[in-house]
Each structure stands twice: as structure tokens, then as C-alpha cells.
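J.: what shape does this take:
(chains A and B)
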Amino acid sequence: MTKRQLWLRFIAHLDLPLLLGIGLLLLTSLLVLYSADNASWGKPLSQMVNIVAAFTCMWLIANLPLHYLMRTAVPIYVLGMVLLIGVALFGEISHGARRWLNIGVATIQPSELMKIGVPLMMAWYFEKNEASLTLKNYFIAALLLLMPVALIARQPDLGTALLISASGFYVLFLAGLSWRVIGGMFVAAIASAPVLWSMMHDYQRHRILMLLDPSQDALGKGYHTIQGMIAVGSGGILGKGYLNGTQTHLDFLPERTTDFIFAVYSEEFGLLGNLILLAMYFFVIGRGFIITANASTYFTRLMAGSITLTFATYAFVNMGMVSGILPVVGVPLPLISYGGTSMLTLLLGFGMLMSIETHKKLVKT
Amino acid sequence: MNKSVELKNHQREIFYFRLRLAISIGFVLVLLAILLTRFLYLQVARHDYYQTLAESNRISVVPIVPNRGLILDRNGVVMAHNYSGYTLEITPNKTKDLEATINDLATLVEITTKDRKRFKKLLAESHNFETLMIRNRLTDEEVARFAAQQYRFPAVEIKARLFRDYPYADQTSHLIGYIGRINQTDVEQLEENDLAANYRGSDYIGKVGLEQSYESELHGTTGMEQVEVDSGGRAIRMLSRTPPSSGNTLVLSIDAKLQKIAVEAFGNYRGALVAIDPNNGEVLAFVSKPGYDPSLFIDGIDPQSWDELNNSPDVPLNNRALRGQYPPGSTIKPFMALAGLYYNTRSPSRTISDPGYFTLPGSGHQYRDWKQGGHGSVDMFKSIVISCDTYYYGLATEMGIDNIFNFLSRFNFGKKTGIDLEGETSGLLPSQEWKMKRYKDKWYAGDTVSVGIGQGYNLVTPMQLAYAVATLANNGVGYKPHLVKEIRSARSNESRMITTQPEPDLKIDPAHLDLVKRAMAAVTQPGGTAAQAAAGAPYHIAGKTGTAQVVGMKQGEKYDASKLDERHRDHAWFIAFAPAEQPKIALVVLAENGGHGGGTAAPIARKVFDYYLLGKEPKPLADDAAQEAEHD
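T.: Numbers count the residues shown, from 1 in each chain, chains lettered A, B, ... in the order given. Below you'll find the model as predicted:
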């Protein structure tokens, strides 16, 4: 085999437009991390390691034929549930929440696995019952969603629980859940808000209250929100320039390499930078929708749609939280924030999208 | 017909799906529009407002580091405290030429090579914006000299700081430990435990010893000062202040005077001593010799001192009392005797005839007694008094390793005592299962023989042995040993007493206890192995000597201390409690390469007993002479 053939085989199952969008976002990530880490190479370098590791996994998944992908649904879901129950029973408490499970060699956060596991399982379930979908099937699919969500919500990790709910809801929606039921759920959600409120932990209520009036607790819980808004707002149209963000470099911004990295970006690159960032996200999301529209089977359509919509949700929730229209829920900015776990989860999702796109010709008859 | 329906259905399905997909795209566009609107609002409409806020973002929160708690002995004697002093600090990224700045400084205040090396180390570990210490403990004169020239050094400042001081220095280094600068590992640890906020501004954290294990009590709560800062970050005025609250004071069960006497009683010997009040588990003295100067570590040890400490053949950094694992030697015999009585392997009156060695049936290998020619006729009482090896070779063989393991584990051999220091090792109580796991080999009868005199696979730490002795002294009721007996709050006058509940009673037959304790009391009477050390004491000591072999002897070879390299001589053990009838103190002495327990270790114990029970302090000169005599 020539070098060229090898190369062609290597990229055979990579979707090039998607790869381009992801690559641009990851380059942006390294650029912003260098600034956020006070012009040091520490964080960018270890982020590169995360990226390489996650890319390898993405490539492997992208090369996995669809029927294999489907076959992983049940094992992943069951494993995730077992681990979640394990966390509830034997999990390690850190920062007042029980989210981590020590499995001897490492501590893992099973809720992260379920970000993929839940939509995968639901899509698998709908595919199995495609021929005769009744309301009962939607109900069972909803149960598949609610069981892990309940376990995660009581850890408590409300942010992740809501995001997984969203990804599950997208599967239900794309699977054709009737508008009447959706309307009913919407009404029920509003009606249950007071009940939810009474079940929340103090810190969670605090975060929601702070959103309404962050200045109430300017040096406590509202600090994150206020400093984030100041950073974004002071960036103006053109930004303060790379490495010149005062909020960032005078240490006013908390968690600036992780959840609040968007504030660093926005302060230094301004509205123009934000537009470019939104364009990059929309490019990736748009490609995701095209893949979804062309997907060959029911399972892959649901899966691709859910992955794409979830990715969009993550980006929206993070930017909304930093700019002060959503409560601080601890969601990283996808592909930009520092962190290995979320990088891996995201690129696994993209690996699936690529597999769906590049294997469809083999399935279509 | 059917096919066309299916096809139609399929097409309808695709149509509905694409409809939903189109709605999804609409949804995403709405989200983007929301964000865009928000960005326009913040970055265009309200830009001026936030711009002003950012420029005058001048409310800075400055942490105020609390004073670290004191450590006192049981009588209120200070064992660790803080004193204020001045340091000279440099902010490296504000200097043009760091080397030149330091050289200039050296003309004003003394900066030694050690200071420079330490600074280099700090520099390598630090971030850009930090200020780093170049000199500590400036004299008043040096402060004045630098203050006059300060204008020449924009990147250098004098800071008033509290220093930690350990008055007993190397005598308590393994007990009190030390604090040191917070490093990357500490930071990760703190973040994991959600404590990072309380350590904002703190430079030091307990690294070993009590400073480490009681870090959460000693550190205190960091205060906050809200200050207005100008654009350069300098404070202009204070807006509000939450005062810090100092760390709690630890009151130890240790008696500082007793500790000092114990350390000095060792003379030049290396070793360990642990003394416990058997009635409540309070540790009275905790010695590991040699110690080291803990103040070396506080601001980062310079490489030269580190090499010296680390490469010293005396291993001063090893906490022998807590982590040293040694064969227990003959000190195991009282416990073996109790086991023999418990399993009814030996009645007290049964005598054996000791020819000076023991052989297993069908084997020619001789397990020798320490006394050539043997002790003649020996019963259980005598076996302890004269420390007859042959008796215990036989007893252990008859009892079997399983019984030995079960009985000794009740005295906590092979397990950590759970004392309030980190890093304790668990010693080793061998069993068949252990040997299979460790050596993939079965247990042989010969293995049991050596275990009988504490010279086989078994290993103990001085701490562990002290717990076992205290439990024996207290008739089978043990208390988890602890060093801290009270924690006093610095703010209020509240204090918490730390007491431990007794462990479950081992329920040893009183007759068995009586026999073993009487025999141990006879050890310090004329004819016993520690008679000389106890001579003239107005109270009774119950004890047992022991020696732990450092190098093995060949069959038929004779142990001759004078021919051996000093570091290959046997370790000397002495375990004891006093007064024998109503014990108030139980202790373990280990003198490394001390030879015989009665000659080296027991006299150390005697000095500790004399002070604790009689208040008698050793006369330095005369006692040293006596020790020399015993040594010969």
C-alpha cells in the first residue's frame, strides 16, 4: 500500500467539514487557554494531551460500523446505571456532592458516561420498536431517561441532570412524540416548579436567586456572575486585545480556564470575536444537522439529531451562564474549556456522527 | 400493494422526521439569537457601564492569614509557637536583572549561599506574579539598613510575618513534625477537600507529625479584608474586614520534661521510646532518635542540608517509633506465655529440661538458647525471668502458628494502633495465609520455632509493642493511644477533651495474668535479666528484656559483640510497666545496636520511671558513668 492509500484509509471515516469546524474550535481553545493561564504553556499543553487522547477515541468510534455502535447501547447504559447506583451507595463526597466513584485505579464520574449512554439507549429502543410505535413506547423511553436523571439529580448534580434530560428529550422529540404530550409536559414542568424549588439544595436556590439579582451577594455567590458580565461587557465591539483582558489578568475572573473561559475570550476579542465563535459553533451544528438529515436508519437519525442538539445546548447554556442569563450550573464551554473528561465525551459524540455519515452508504439498500 | 403502503409510510416517516429536524434548526437559531441579543446588550448598549466597572474594578478581597494554633505539653509547656519577625521578599517579574538585584541586596543584608540556593528552588516552583522570600529572620539592624535604601529596590519589600518555632527542636521532631511551604501536591489536596478558599494567603501547611495530623485544628479560619485598589493593584483604603480566627491550641498528653529526660537517657544510641499511661492510652513520651532540626524545613530546606539528612547512616528522618519495624525478640515471650496458658498448651508448673538447644523431631538442626549449656529445669515463671529460649521453641511448636496468630492479633500485633500521627506502619504478624501470599510457599514447622522467640518473620513497631505492653499492664483492657488530650479553641474558652473508649476487654484469665506479671516483676529482681537497672528503685518494675538480631549467626557460630561492626550488633529491647502492682506508666525502649536489653535499654527506662513516678531527675554526670560501666 502506498503512503497515499494509507492516508486515504486513515481519513476514510472522518467527516472533513465536521473535522474542520472542530479543529477551528480546538485551536481557539488553545489560544484562549494560553491567555487564561496567565500567558503560560501549562494548561494549553495538557489540553493538547487531552485533545490527542480524545481524538484517538473519536477516530476509533468513527471507524466503528453502525451495527456495532447499536450493539454498544445496552451494555453502556447498563454499566452506567450500575455505576450510578454504585455512586449513590459508595461514592466519594467532594465539594458536598457524591459524584465520584473510586474503582481502585482511578476515580470516575459515571454521570459523564450517561451523557452518551442515555440517548444511545433511547435511540436503540426506538429502533427496536420502530414498526409499531405507540404511546407506551414513548413512556418506556421516558422511563429509561428518568431513572439515571433521578440518580444524578440526587447526587446532587442538577446541571448534568438537566443536560441529560435535554438530550433525552431531543430523542423523544425527534422520534415524533406528539405535540399534545409535549405541551402537557411543558405545563407539568411549570406546575412542578414550586415542588422542585422546595426539593433543591440551598446552594442551588442561591444560584437561581443570584441570577435575578447578582449584586445582592457581590463577593459571595453573585461574584462569578458579576465578574463574568463585567468581562463580557467591557470587551466592547472589538475587545481589549489578546492577552490584554484586565478582568482576566488582574485575577478578578474565577474558574477562568474552565467554566468561565468564555468571559476571557469575550473580554479580549469583543463582540466581533463572539460572532466568529458563534459562527464556528453554527458551522459544526449545521454540519451535524446535515448528517442527521442524511442518516440512513431510524437509530442513526435519532442519535445524530440528539448529539447535535445537545452540543448546541451545551454551548448555549455555558455562554448564557457567563453572560448572566442562565444560572451558574457548572457546564463547560464545549471544545473550548479546559478538561479531559468533557473533551472525551464530546469527541466520542462527534465520532458517532462521523460513523453515521461515513457508513451510511454501506447500509442503504 | 403492501410494498407501496410500506414505502408510503417510510416516506411519511421521513417527512415527519425532517419536519421535526427543521423545527430543531429553528430552535437552535432562536438560541443563537438570544445569545446575540445578550451580547449586543452587554457589549454595545451597556459597554460604557461595564467598561467603567472594569476600570474601577477595584474592590479587591485580601485574605488575612490566621495565627497558627499553639502546641503545649500536658503541663502547659510550649512545644510549638509563633513569633513575629521580618522577611525580605522579591517579586521576580518586577526586576530587570534578578541576579544583580540579589547581589546589591547582599551589600545591605547578609545573604548566604544557602539563602540563594533556597531562593532558586522557590523560583523554580513558583508562578510569575508571586513574591518570593530571599531572607528570613532579619535583625532590627538589617531592617533599618534596608529601609533606608528601599527606594533603590522597587521589586523588593520587607514583610512582617509570623514564624513557627519549636523550642525542643530535634528532641520532639518526630512527634511535633513541622510546617512547610504549600506545594503543588498540597494545593491539589486542598482543592479536592474544598479547603482552598480557607488557604488563600496561607503559605504554610503541616507536613509531618502532629502539625500534619491536626492541620485542620491548627490552621484556623482565614479572615477577609475588602480593600479599594487603584489601577496598579495597590490598596488605597479598607472597606470592610472579617477578622481571622486563630487556630486551636493542642494540649498534648506528652510530658515535655519526661520527653527530654527520655531523649537524653539514650546518650549516643539511636532508637525509640514510647511511654503510655495504660489507664487511658495517653502517650507520655514519644521518642525517635536521632531527630533533626525541624526549622530547616519550614522555608524549604536547602539542598546541602537535605543531602546530609537524607544520606546520613543514622537515618534521622525515619520515625523509628512509628514506622521502624524490628523483630520483637524476647519481648514477645510474656505474650507467648499467655497464649500457651490460654490454649492450655502448657500448665504453669510443667517444667522442661533445657540442654541449651531445641531440635524438631526428625531433624538435626539445633535451635540454640542464648545461654550455652542451657538453664537446666525451667517452668513458665522461670522461662520469663531468665528469658529461656528453649522453653519457647517448644511452646511455639506445640501451640502451632494458627493459635499464635490468633492470640497475638488480639494484642494488636500486625495492625496499626491508630495513634493520631500519619504514616504508621503495621508491623508483621505472620500466618500461614500470609506466607503463601508473600512467598508462595507453605508454612514449615521451623518457621514456628523462631516465631516463638520473636526472631522469625514477625516484626513490630515500638508503638505497637507499647500498646501491647500497656494492654497487658491494664489486665487486657487496651486504649487506643493518642498524643493530643485536649483541643482549646482560640476564640472562646471552650475546650474539647480527647479521650478514647477502652477497646473490648480481652478477658484474660486473672490467674494467667497474675503469673505473667509476677514473672515480669521478677525480671527486675536479683536473678532476673534486668536486675541491675532496677536496683534500688523504691517501686517495683515489671519488665522483659529482649535482643533483636541484626545479622544472622551461622550454626555453631558464637555471638561476640566486640568482633562485630557496631551497626551489626543486636538491637536492645526493654518493655516494662510500673509500679508493677498498679501500673501508671507502660513503656517500650529500643536501643539500636545496643546489645543486650538489660544492659542498655533497661537503664533508659529506669530514668523515665524515676522521673515520672518520683519526680527524680537524673544526675547527668554520674549516670553517664554508670551507663559506661554497664556497657562494658
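J.: how about the closest residue to chain B within chain A, what does it touch?
T.: Proximity of chain A to chain B (Cβ to the nearest Cβ) peaks at A:G233, 2.7 Å away. C-beta coordinates here come from the backbone N, C-alpha and C atoms, glycine included. Shown in contact with A:G233 (Cβ atoms under 8 Å, 6 or more residues apart in numbering or on different chains): B:L42, B:Q43, B:R46, B:H47, B:Y49, B:Y50, B:Q51, B:L53, B:A54.
J.: ok, which pair from those is furthest apart?
T.: Among those, the pair separated by the greatest distance (Cβ to Cβ) is B:Q43 and B:L53, at 13.2 Å.
J.: and the strand or helix carrying A:R71, which residues are buried?
T.: Assigned by DSSP states H and E, A:R71 falls within helix A:66-90. Across helix A:66-90, burial judged by 16 or more other Cβ atoms under 10 Å in any protein chain shown covers A:66, A:69-70, A:72-73, A:76-77, A:80-81, A:83-85, A:87.
J.: what residues does chain B put near chain A?
T.: B:13, B:16-18, B:20-21, B:24-25, B:27-28, B:31-32, B:34-36, B:38-40, B:42-44, B:46-47, B:49-51, B:53-55, B:57, B:59, B:61, B:127-129, B:192-194, B:226, B:233 (Cβ under 8 Å from any Cβ of the partner chain).
J.: cutoff 6 Å now
T.: Counting by Cβ under 6 Å from any Cβ of the partner chain, the residues of chain B close to chain A are B:16-17, B:20-21, B:24-25, B:28, B:31-32, B:35, B:38-39, B:42-43, B:46-47, B:50-51, B:53-54, B:57, B:194.
J.: list only buried entries from these.
T.: Among those, those buried by neighbour count (16+ other Cβ under 10 Å) are B:17, B:20-21, B:24-25, B:28, B:31-32, B:35, B:38-39, B:42-43, B:46-47, B:50-51, B:53-54, B:57.
J.: so which of these sit within helices?
T.: Among those, the residues falling in helices (DSSP state H) are B:17, B:20-21, B:24-25, B:28, B:31-32, B:35, B:38-39, B:47, B:50-51, B:53-54.
J.: list just the nearest of those residues to chain A.
T.: B:Y50 (2.7 Å).
J.: what strand or helix carries the residue nearest to the closest one when sequence neighbours are not counted?
T.: Nearest in space to B:Y50, with sequence neighbours left out and distances taken as Cβ to Cβ, 6 or more residues apart in numbering or on different chains, is A:G233 at 2.7 Å. In this structure, A:G233 sits in helix A:222-235 according to DSSP H and E.
J.: and after that helix, which helix or strand comes next?
T.: Remark: after helix A:222-235, the chain's next helix or strand is helix A:246-249, criterion DSSP H and E.
J.: contact partners of that next one?
T.: Contact with helix A:246-249 is made by A:A231, A:L253, A:R256, A:V264, A:E267, B:A54, as judged by Cβ atoms under 6 Å, 6 or more residues apart in numbering or on different chains.
J.: quick check, the third one in a helix?
T.: Going back to what we said before, that points to A:R256. No: if the criterion is DSSP: H, G, I helix; E, B strand; the rest coil, then A:R256 is coil and not within a helix.
J.: neighbours around B:I111, how many?
T.: Residues within reach of B:I111, counting by other Cβ atoms under 10 Å in any protein chain shown, total 17.
J.: helix, strand or coil for it?
T.: Taking three-state DSSP, the label given to B:I111 is coil.
J.: what are the neighbouring residues in contact with it?
T.: By Cβ under 6 Å, 6+ apart, the contact set of B:I111 is B:R135.
J.: how far does the helix or strand containing B:K333 sit from its chain's centre?
T.: Using DSSP H and E, B:K333 falls within helix B:333-342. Counting by Cα atoms, centre = their mean, to the nearest Å, helix B:333-342 is centred 31 Å from the centre of its parent chain.
J.: same for whichever helix or strand comes after that helix, what does it pack against?
T.: The element immediately downstream of helix B:333-342 (helix or strand, assigned by DSSP H and E) is strand B:352-354. Applying 3 or more Cβ pairs under 6 Å, 6 or more residues apart in numbering or on different chains; DSSP states H and E, one finds that strand B:352-354 contacts strand B:376-378.
J.: who does the strand it packs on pair up with?
T.: Using DSSP bridges, the strands paired with strand B:376-378 are strand B:352-354 (antiparallel).
J.: what's the partner strand in contact with?
T.: B:G374, B:H375, B:S377, B:V378, B:C388, B:T390, B:Y391.
J.: just send the residues you listed back as a markdown table, with pLDDT too.
T.: Putting the contacts of strand B:352-354 into a markdown table (pLDDT from 0 to 100) gives the following:
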| residue | pLDDT |
| --- | --- |
| B:G374 | 85 |
| B:H375 | 88 |
| B:S377 | 90 |
| B:V378 | 91 |
| B:C388 | 92 |
| B:T390 | 92 |
| B:Y391 | 93 |
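J.: isn't A:Y77 right up against A:P119?
T.: No: the pair A:Y77 / A:P119 is not scored as a contact, 10.0 Å apart, by Cβ atoms under 6 Å.
J.: for the stretch 151-300 of chain B, which spans come out with low pLDDT?
T.: B:228-236 (pLDDT under 70).
J.: what about 90?
T.: By pLDDT under 90, the low-scoring segments of the stretch 151-300 of chain B are B:151-163, B:169, B:180-204, B:221-245, B:295-300.
J.: touching stretch B:334-348 from outside, list them.
T.: Stretch B:334-348 is contacted from outside by B:380, B:384, B:392, B:395, B:398-399, B:403, B:407, B:411, B:512, B:515-516, B:520, B:544, using Cβ under 6 Å, 6+ apart.
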